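Trainee: when you get a sec, could you give me coordinates for this:
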Amino acid sequence: MALGSGNLRNLNSSQNGTRLGERGQVVVEYVLLLISSVIVAMLITRFMVGRDPGNPGFVISAWQAIVDEVGRDYADDLSTAP
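Mentor: This is a model prediction of the structure:
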């Protein structure tokens, strides 16, 4: 056993430990990004299509306005004919 071979073994083990730490950090970062993107998507969905009666989402409000306009059905209203 040469004097330098023990140092080489220690160097390789420390590099492997660093690689494992980097992999763990990548996993943690990925999970944090995934969680934050899911939360942002839930908030956007709530504001767009929320069905809370006091504060409906803007898509629901616009759709309700369209349905109300179609429901008035001016085409069949004969009382206003000339």
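
Trainee: which stretches of this protein form helices?
Mentor: Using DSSP state H, the helices found in the chain span residues 3-49, 58-72.

Trainee: looking at the chain, which helix or strand does the model trust least?
Mentor: In the chain, no helix or strand scores lower on mean pLDDT, DSSP states H and E than helix 3-49, which sits at a mean of 80.

Trainee: for the helices of the chain, give me CSV that also has mean neighbour count.
Mentor: For every residue, glycine as well, the C-beta is placed using N, CA and C. Shown next, in CSV, are those (neighbours: other Cβ atoms under 10 Å):
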stretch, mean neighbour count
helix 3-49, 10
helix 58-72, 11
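
Trainee: residue 73 versus residue 18, what's the distance?
Mentor: Per Cβ to Cβ, to the nearest Å, residue 18 is found 72 Å from residue 73.

Trainee: er, residue 23 I mean
Mentor: From residue 23 to residue 73 the distance is 64 Å (Cβ to Cβ).

Trainee: kindly report the same for residue 47.
Mentor: 31 Å.

Trainee: what do you get for residue 22?
Mentor: Residue 22 is 66 Å from residue 73, by Cβ to Cβ.

Trainee: next: residue 25.
Mentor: 62 Å.

Trainee: ok, now residue 56?
Mentor: If you go by Cβ to Cβ, the gap between residue 56 and residue 73 works out to 23 Å.

Trainee: and residue 49, what does it touch?
Mentor: With contact set as Cβ atoms under 8 Å, 6 or more residues apart in numbering, residue 49 has these partners: 57, 59-60.
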